[in-house]
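**Student:** Just to be clear, the model below is a prediction. Sequence and coordinates:
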Protein chains: 2
Amino acid sequence: MATEIERRFLVTTPAWRDATTRTRRLVQGYVAREDGVAVRLRLVDDQAWLTIKGPGGLIRPEFEYAVPPADALAMLDTLCAGRRIAKTRHDVPHDGLLWEVDVFEGPLAGLIIAEVELPAPDHSVGVPPWAGREITGDTRYANAVLASAEAPPRG
Amino acid sequence: MATEIERRFLVTTPAWRDATTRTRRLVQGYVAREDGVAVRLRLVDDQAWLTIKGPGGLIRPEFEYAVPPADALAMLDTLCAGRRIAKTRHDVPHDGLLWEVDVFEGPLAGLIIAEVELPAPDHSVGVPPWAGREITGDTRYANAVLASAEAPPRG
């Protein structure tokens, strides 16, 4: 089991764009969600993963397995209707940590979320000037919730 | 994607026992269930699988992946509390098909279900004399439901 320690922030300015080092498009769907556990499929280019995330805010247990992309496409089509998200992810290094800035599409257009993974829960984070309100632990912004709930405030 | 075509029956007599060719104990837990989709972990001896089953009665889409047994044990402990089943499975060949007779344990003790997988939905089935009421498509007897609901009638 891996453990994910992550802080998340809303982004309302474009100031991060110039610092982007890598960009890719993610399509992900939620196979099933129950009691804070989410089973997620993610397609990135021609690779696919099935990820099981346990309940939690800052720290979540996480199990991840590669799956055949054809399986992932079939599951996204047949099992994840109404529970899908598409977004473009940008890597933005800042102050020694790698931030990921997700620009959402479709019904979530206008929503931009920056995430940073930490090596330890109390690891200090130099929050970049373009990061706005912190939403760590705010379940309205969990991807599993965003996939099918009404869109929350963008800022 | 595989498709599972399965008919299921309650069993109320012990007449199948003498025809058993193989027995093993299964421990399984439901990671998450939503809209008829179930994500199941199953441990059989020292092997483990993660299985995603789509909605359906007689015919269900199914995707299955081997996972490390240590991951499966961790997920069963941390993510499947209150959503677990233990049962002993018996292979019982009958009339050219392989029947699986599941004898449930714990809160489901006394419940015995026979299942047979068919090569096609309209494949003829010689129902054995020890098979009782058919429960194909009766969601009360779905393993995903049995794992956490009140036990349904045994006969």
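**Tutor:** Arrived safely, thanks for sending. Numbering: from 1, shown residues only, chains lettered A, B, ... in the order given.
**Student:** Tell me how far the residue nearest the centre of chain A lies from A:E6.
**Tutor:** Against the mean C-alpha coordinate of chain A, by C-alpha atoms, centre = their mean, the closest residue is A:N143 at 5.8 Å. When distances are taken as C-beta to C-beta, to the nearest Å, A:N143 and A:E6 turn out to be 11 Å apart. Bear in mind the C-beta positions are built from the backbone N, C-alpha and C, glycine included.
**Student:** So the residue nearest to the centre of chain A is in contact with A:Q28, correct?
**Tutor:** Yes: counting by C-beta atoms under 8 Å, A:N143 sits close enough to A:Q28 to count as a contact (7.0 Å).
**Student:** Now for those two: what residues contact both?
**Tutor:** Taking C-beta atoms under 8 Å, 6 or more residues apart in numbering or on different chains as the contact definition, A:N143 and A:Q28 share the neighbouring residues A:40, A:85.
**Student:** Flag every buried residue along whichever strand or helix holds A:L10.
**Tutor:** Under the criterion of DSSP states H and E, A:L10 resides in strand A:2-11. When neighbours are counted by 16 or more other C-beta atoms under 10 Å in any protein chain shown, the buried residues of strand A:2-11 are found to be A:4-11.
**Student:** What lies in contact with the strand ranked longest in chain A?
**Tutor:** With secondary structure taken from DSSP state E, chain A has its longest strand at strand A:22-34. Counting by C-beta under 8 Å, 6+ apart, the neighbours of strand A:22-34 from elsewhere in the structure are A:38-45, A:50, A:75-76, A:79-80, A:83-91, A:102, A:143-144, A:147-148, B:30-35, B:37-39, B:52, B:83.
**Student:** Looking at the residues you listed, which are in strands?
**Tutor:** Going by DSSP E, the strands hold A:38-44, A:50, A:84-91, A:102, B:30-34, B:37-39, B:52 from these.
**Student:** Just the buried residues from those, in PyMOL please.
**Tutor:** Here the buried members of the ones in strands among the contacts of strand A:22-34 are turned into a PyMOL selection, burial being counted by 16+ other C-beta under 10 Å:
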select buried, (chain A and resi 38+39+40+41+42+43+50+84+85+87+89+90+102) or (chain B and resi 30+31+32+33+34+37+38+39+52)
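**Student:** Could you check stretch A:88-107 and say which residues are buried?
**Tutor:** Within stretch A:88-107, the residues that qualify as buried are A:89-90, A:92, A:94, A:97, A:99-104, counting by 16+ other C-beta under 10 Å.
**Student:** Stretch A:142-152 too?
**Tutor:** A:142-148.
**Student:** can I get the residues you listed in TSV with distance to chain B and pLDDT?
**Tutor:** Formatted as TSV, the buried residues of stretch A:142-152 follow (distance: C-beta to the nearest C-beta, whole Å; pLDDT from 0 to 100):
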residue	distance to chain B	pLDDT
A:A142	14	89
A:N143	14	89
A:A144	10	85
A:V145	13	89
A:L146	15	93
A:A147	11	91
A:S148	10	87
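**Student:** Any figure for the gap between A:T13 and A:G132?
**Tutor:** 8 Å.
**Student:** Could you do A:P152 as well?
**Tutor:** According to C-beta to C-beta, A:P152 and A:G132 sit 13 Å apart.
**Student:** Spit out the contact partners of the residue nearest to A:P61 when sequence neighbours are not counted.
**Tutor:** Leaving aside its sequence neighbours, A:P61 sits nearest to A:G54 (C-beta to C-beta, 6 or more residues apart in numbering or on different chains; 3.8 Å). If you count contacts by C-beta under 8 Å, 6+ apart, A:G54 has them with A:36-37, A:60-62, B:78-79.
**Student:** hmm, try it at 6 Å
**Tutor:** Taking C-beta atoms under 6 Å, 6 or more residues apart in numbering or on different chains as the contact definition, A:G54 lies against A:37, A:60-61, B:78-79.
**Student:** And for A:R140?
**Tutor:** Listed by C-beta under 6 Å, 6+ apart, the contact partners of A:R140 are A:P152.
**Student:** Assumed it was part of a helix.
**Tutor:** Yes: inclusion of A:R140 in a helix is indicated when DSSP: H, G, I helix; E, B strand; the rest coil is applied.
**Student:** the longest helix in chain A is where?
**Tutor:** The single longest helix within chain A, with elements called by DSSP state H, is helix A:69-79.
**Student:** quick one, it and strand A:37-44 angle?
**Tutor:** Regarding helix A:69-79 and strand A:37-44, their directions subtend 130 degrees when assessed with axes from the mean of the first three to the mean of the last three C-alpha atoms, to 10 degrees.
**Student:** From the chain's centroid, how far away is helix A:69-79?
**Tutor:** Centroid separation for helix A:69-79 versus its chain: 19 Å, with C-alpha atoms, centre = their mean, to the nearest Å.
**Student:** Now that helix: buried residues?
**Tutor:** The neighbour-count criterion (16+ other C-beta under 10 Å) identifies A:71-72, A:75-76, A:79 as the buried residues of helix A:69-79.
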